[in-house]
Structure formats: C-alpha cells, structure tokens
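**Student:** Sequence plus the predicted model coming up.
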Amino acid sequence: MARVVSLYLPTWATDRRRRRSGAASPQPEAGLALAAHDGRRRVVVAADLLAQQAGVRIGMPATKAQVLVPGLTLEDADIAADLESLDALAGWMLRYSPIVAADPPAGIVLDTTGADHLRGGEEAMLEGLVVRLAASGVDARASVADSWGVAHGLARFGRSRIVIAEAGAEAVIAPLPLAALRLPAEIVVGLRTLGFDTVGDLLAQPRAPLVLRFGPELGRRLDQALGQVREPIEPIRPRDIVEVRRVFAEPIGAAETIAKYVAKLVGELCRQLEARGLGVRHLDLICERVDSRTEAVRVMTAIPVRDARRLTRLLTDKIETIDPGFGIEIMSLAATLAEPLANTQHVASLVEPAVPDVSGLIDTLANRVGERKLYRIAPVASDVPERSVRKVLPMATETGGGWNGEWPRPSRLLAPAEPIETVALLPDHPPVTFSWRGVRRRVKRADGPERIFGEWWRRDAELSAVRDYFRVEDEAGERYWIYRAGDGEDPGTGSHRWFVHGIFG
C-alpha cells in the first residue's frame, strides 16, 4: 500500500526571508509581512505567525495591514525566489525518500512507501522532519496517508502538527473543510453558498449533479482523495545528481529480468561515480510502470561505497518489494546522496593482523531493520556508570577513549537501577541478604566497596552525593553489581537505600 507524506510550511516565505537576512532580519517580537502588487493594489501575500495573530490576512491591502499592526515590518515579496528555494528544499528532502516533489506554494510531497523503516518508522520520520526544520527556523506541519489528497488536507487542516492516518481515506477526510480538496477558490465559494461545509457533506450527496454544476475538477479531486484515482508524483532531480536510466522496448516484469538490468545499471553508475571520485550513501531504484505508477526502492550504506557487487546485492534483496504490474518500461538508478571516496590499494601485512570489514554486514542489516536500530556502545569520560556509555552509529569514528579497567564492570547494566531490600551492617559492609524482584538471595561472597562520587559540575545536588558499589555472589552462583546511595553515615550524601545496577555474565 502506498504511503504519501505531505509537508506544509505555513510561513515559508517569511521564514525564508528571516533565514536569508540573518542578523539583519526583523526582531522576533516584530511581525513580518510580505506584499506584492495585485493589479493596481499592493496586497499582503505572506505573513508570519505574529502578524497573523495581530490580524494581518493574506489579500489584505498593505496600507491597512500597516495601520492595523503598528511596528509591522512590511517588505516586498519575491515569489520566484520562494519557489526556487522550495525546489532546493525538496532536493534536500531526497535523503528521506527517493520520490520527492515541491507542492507550491508552501508544501513538499514525498512518497515514502517502503522507506519509512529506514528512519525508525513513520512517527519518528515525521518528528525528525519537523524538528529539523524548526531548528533551521522553518515552521512545518506533516502528515502521512495512503493518498496525496488525504495527506495534503491533514497537513493543512489537521488538529495536530503531526498526523498519521491509519483509517480509511473517507473516514479521515470527511471532517475536513472543503479547501482540503485543493479545489479552485471559486468552486469552494460556490459549494459553501449551497450549504456545504465539509468534505463529508459532499460525499453524502450524489456525485453527478455536483459535477454537472461545478465541472469535472470536483469529481477528480474527490477520487484522488479517496484513492480511486492515482495521483503520480513527478520526482525532483538536482542537476548534479549521478543517475543512469534504461528504457525498454518491451516492458519487463520477471524478478530475474529486473535483477539482470539492476546489475547493469549499478555497473554503469559505479563507473560514473569513480570518474567523479564519489561513493554512494543513498541509492534509489525507480521503476516506471506502463500504467503510469512508480515503484521505488532505496538502500543506504554506512560509508561511501561504489562496489558494484555489494550495491547490486543490496538492491536485489529488495526486488520482492517491487510490484511490476503489467510491466516496467523505464528503470532508473540514482545516487541521491554521494560523498567523496578516494581510490585505495589494500596491501596484505605479514606483521599486523587484517582488520575485518563489517560495513557490508551493517548495510545488509540496516536496510532490513532500519538504520536507527543498529548501534554500538562507545565510552564516555564519566565515573557514573549510566553516564559512561553512549550509543553511536555502527561505523562511527573511534574517539580513542576507553573505560577504566581497575574495577570490573557488569556485562549488563540495568536502566534505571532497581531498588532492593537488604540486611547489611553499616557503613562499609556488604549486604548479608537482599530481595530483588520478589526473590530473596543470600550473599555468599562480596567485594567492595568502590566509592563513586557525584559530578558536582553537572548540578548542585551532586556536590556531596556518593555511591558505594559492591560485587556480590549469591548461593546459586549469580553475580550482581549493587550499590548503596550514600556513605552509610551522613544522610546528606544519599538516601542510604540499596539498588541493583548490573548483572555479571
């Protein structure tokens, strides 16, 4: 089933103007509006959120807006530059999906079918998009649905900033206003005159009289929203992208034939990448079917790659996700994200052992389960156990750091540490018994204490905080890492409660 993301940028023109102006942009507390000539009049064509809250509306005469909002910054609009920047942003969005297009005047549409798992799922993907744009000073709303029409309407008229449509198209779009159908303004006005307010009002009426009065555009938009008529997305392609394509005289559909031509396209693409000194990170296979539908497959690599065999294997692993329909007539392969990759010569050493290359395995796993689900643990300079590790990408560069080897650490660290009931002699003795998860355990052997002090530079509460850690072994031979919060004497150093923090393998 197709999944389409609609990204709406409600204040794109003013956000872009502030980003371009930098330090010279109007102060955040001052509203910003952009004006252009509409015939003989100069009217507002864009306004930021502050100006809108003050009463500025699109289409309002510029002089009226200045009188209505004292201190309003009014500048000339540059609609052509706004559209050009929107295309550039759509090109940047190719890192999220192989099929991306601008949706003027303030939107972007992405076909994320089969690609959302690479970003941790639809919710994580949309959240990442909105947060990343907000960090760049661009306000955004996002939605995902089974059709472009539903996603477009939810992004603009949904109740929340991020909307994921799981139900049927009719149930989702019915409560939305008529403008959600992307109808011309005159048709919307005419429908409202007849008493229609929502899309559901239209769906409850016979189609023929409405189409007869307002034209076929109304019926087409309804069918697109309901998913009864497919709306193809013409993907944007940056000028500097490395891409190869093949047009077939006769449509192909067999998996073996698709795999054969994938290998040929990969070989041709790798030769072009080598000529430019590049390696691919995001590789997109786009198959255009005879029924005007598009099937896309994306594979990602942890490091820049131009090994034809490796890339072919990654793509052929996903051939089963391609629905050829009545046949594929055009197949294209694009390196939507490429990075410099120099030629290297591998020389065997008789002294140093060869370092195994696990990047191929990481690529295979990442394209199956998603990149965010793969990580490795790296050391952090901290004595506090839960702060001494962090998750990094599988192929992240080594920092050269390491853990303190003077005291053993458990193979499994509990997060958070779990409270236990103990019988112990204070201040320096380990517990004689402890109860954890409803089971009482008698301590047979113990070592400690290892005292760890709080990191006072992080917060004042840790100025005097300490923990005393013990390694204990119960009668069954299980070994645990437990600690007491506090030094066992001064209440100001901790609560003196006991916790199990780790388990030794």
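**Tutor:** Received it, and whenever you're ready, just let me know what you need. Predicted, not measured: the structure shown is a model, and the values here were computed from it. Numbers count the residues shown, from 1 in each chain.

**Student:** now the strands: where do they sit in the stretch 351-500 of the chain?
**Tutor:** For the stretch 351-500 of the chain, strands defined by DSSP state E, counting those that start in this stretch occupy the ranges 376-379, 389-392, 412-424, 431-436, 439-453, 466-474, 479-485, 498-503.

**Student:** Including mean pLDDT, could those go into a markdown table?
**Tutor:** Converted to a markdown table, the strands of the stretch 351-500 of the chain look like this (pLDDT from 0 to 100):
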| stretch | mean pLDDT |
| --- | --- |
| strand 376-379 | 85 |
| strand 389-392 | 85 |
| strand 412-424 | 92 |
| strand 431-436 | 95 |
| strand 439-453 | 93 |
| strand 466-474 | 95 |
| strand 479-485 | 95 |
| strand 498-503 | 96 |
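
**Student:** Ok, which of those comes nearest Ala36?
**Tutor:** Closest to Ala36 of the strands of the stretch 351-500 of the chain, according to C-beta to C-beta: strand 389-392, at 48.7 Å. All C-beta atoms are positioned from the backbone trio N, CA, C, and that covers glycine.

**Student:** Would you pull up how far the closest one lies from the middle of the chain?
**Tutor:** 20 Å (C-alpha atoms, centre = their mean, to the nearest Å).

**Student:** Mind listing the strands that strand pairs with, and their directions?
**Tutor:** strand 376-379 (antiparallel) (DSSP bridges).

**Student:** And the strand it pairs with, what's buried?
**Tutor:** Ala378 (16 or more other C-beta atoms under 10 Å).

**Student:** where are the low-confidence patches of the chain?
**Tutor:** Within the chain, the ranges that satisfy pLDDT under 70 run 1, 23-30, 167, 344-352, 354-355, 399-405.

**Student:** Which residue ranges of the stretch 51-200 of the chain form strands?
**Tutor:** With DSSP E, counting those that start in this stretch, the ranges of strands along the stretch 51-200 of the chain come out as 73-76, 99-102, 107-111, 141-145, 162-164.

**Student:** Flag every buried residue along the shortest one.
**Tutor:** Buried residues in strand 162-164, counting neighbours by 16+ other C-beta under 10 Å, are found at Ile162, Val163, Ile164.

**Student:** so Arg437 touches Glu418, yeah?
**Tutor:** Yes: if you go by C-beta atoms under 8 Å, Arg437 and Glu418 touch, sitting 7.5 Å apart.

**Student:** Which of these two has more residues huddled nearby?
**Tutor:** Glu418 (12 against 8; other C-beta atoms under 10 Å).

**Student:** show me where the stretch 301-450 of the chain has helices.
**Tutor:** 308-316, 359-369 (DSSP state H, counting those that start in this stretch).

**Student:** just those: most buried one?
**Tutor:** Comparing those on average neighbours per residue, with mean count of other C-beta atoms under 10 Å, the densest one is helix 308-316 at a mean of 19.

**Student:** So which residue is smack in the middle of the chain?
**Tutor:** Met125 (2.8 Å; C-alpha atoms, centre = their mean).

**Student:** How about the contacts made by the nearest residue to it once chain neighbours are set aside?
**Tutor:** Of all residues not flanking Met125 in the chain, Arg119 sits nearest, at 3.9 Å (C-beta to C-beta, 6 or more residues apart in numbering). Each residue near Arg119 by C-beta atoms under 8 Å, 6 or more residues apart in numbering is listed here: Tyr96, Met125, Gly128, Gly370, Glu371, Arg372.

**Student:** Closest to Ala134 out of the residues you listed?
**Tutor:** Nearest member of these to Ala134, counting by C-beta to C-beta, is Gly128, at 10.8 Å.

**Student:** Look up how far Ala142 lies from that closest one.
**Tutor:** 10 Å (C-beta to C-beta, to the nearest Å).

**Student:** what do you get for Trp148?
**Tutor:** The gap separating Trp148 from Ala142 is 14 Å, by C-beta to C-beta.

**Student:** Are there residues contacting both of the two? Which ones?
**Tutor:** In contact with both Trp148 and Ala142: Ser6, using C-beta under 8 Å, 6+ apart.

**Student:** dump the residue contacts of Leu126.
**Tutor:** Taking C-beta under 8 Å, 6+ apart as the test, what Leu126 contacts is Val5, Ala142, Ser143, Val144, Ile162, Ile164.

**Student:** same thing with Thr312?
**Tutor:** Val262, Ala263, Val266.

**Student:** now the first one, what's its secondary structure?
**Tutor:** For Val262, the reduced secondary structure class is helix; criterion used: DSSP: H, G, I helix; E, B strand; the rest coil.

**Student:** Could you verify my assumption that it touches Asp317?
**Tutor:** No: contact criterion C-beta under 8 Å: Val262 and Asp317 do not qualify, at 10.7 Å.

**Student:** Looking at the two, which one has more neighbours?
**Tutor:** Val262 (23 against 14).

**Student:** what about Phe470, distance to Phe434?
**Tutor:** 10 Å.

**Student:** what touches both of those two?
**Tutor:** Common neighbours of Phe470 and Phe434 (C-beta under 8 Å, 6+ apart) are Ile482.

**Student:** what about Pro427, neighbour count?
**Tutor:** 14.

**Student:** wait, what's in contact with it?
**Tutor:** Per C-beta under 8 Å, 6+ apart, neighbours of Pro427: Asp487, Gly488, Glu489.

**Student:** So among these, which ones count as buried?
**Tutor:** Asp487, Gly488.

**Student:** want to try a markdown table for the contacts of Pro427, with distance to Val280 as columns?
**Tutor:** Formatted as a markdown table, the contacts of Pro427 follow (distance: C-beta to C-beta, whole Å):
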| residue | distance to Val280 |
| --- | --- |
| Asp487 | 57 |
| Gly488 | 59 |
| Glu489 | 62 |
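
**Student:** now, which of the contacts of Pro427 sits nearest Lys444?
**Tutor:** Once C-beta to C-beta is applied, the member of these that ends up nearest Lys444 is Gly488, at 21.9 Å.

**Student:** Look at Val211 and give its secondary structure.
**Tutor:** Three-state call for Val211 (three-state DSSP): helix.

**Student:** what pairs with the closest residue to Arg141 other than its chain neighbours across the strands?
**Tutor:** In space, and not counting its chain neighbours, Arg141 is closest to Tyr8: 4.5 Å by C-beta to C-beta, 6+ apart. Beta-bridge partners for Tyr8, by DSSP bridges, are Gly107, Arg141.

**Student:** Hmm, Tyr8 is touching Arg156, no?
**Tutor:** Yes: assessed by C-beta under 8 Å, Tyr8 is found in contact with Arg156 at 5.2 Å.

**Student:** More neighbours: the two, which one.
**Tutor:** Tyr8 (22 against 19).

**Student:** how close does that one get to Ala106?
**Tutor:** From Tyr8 to Ala106 the distance is 7 Å (C-beta to C-beta).

**Student:** for Gly195, same thing?
**Tutor:** In terms of C-beta to C-beta, Gly195 sits 30 Å off from Ala106.
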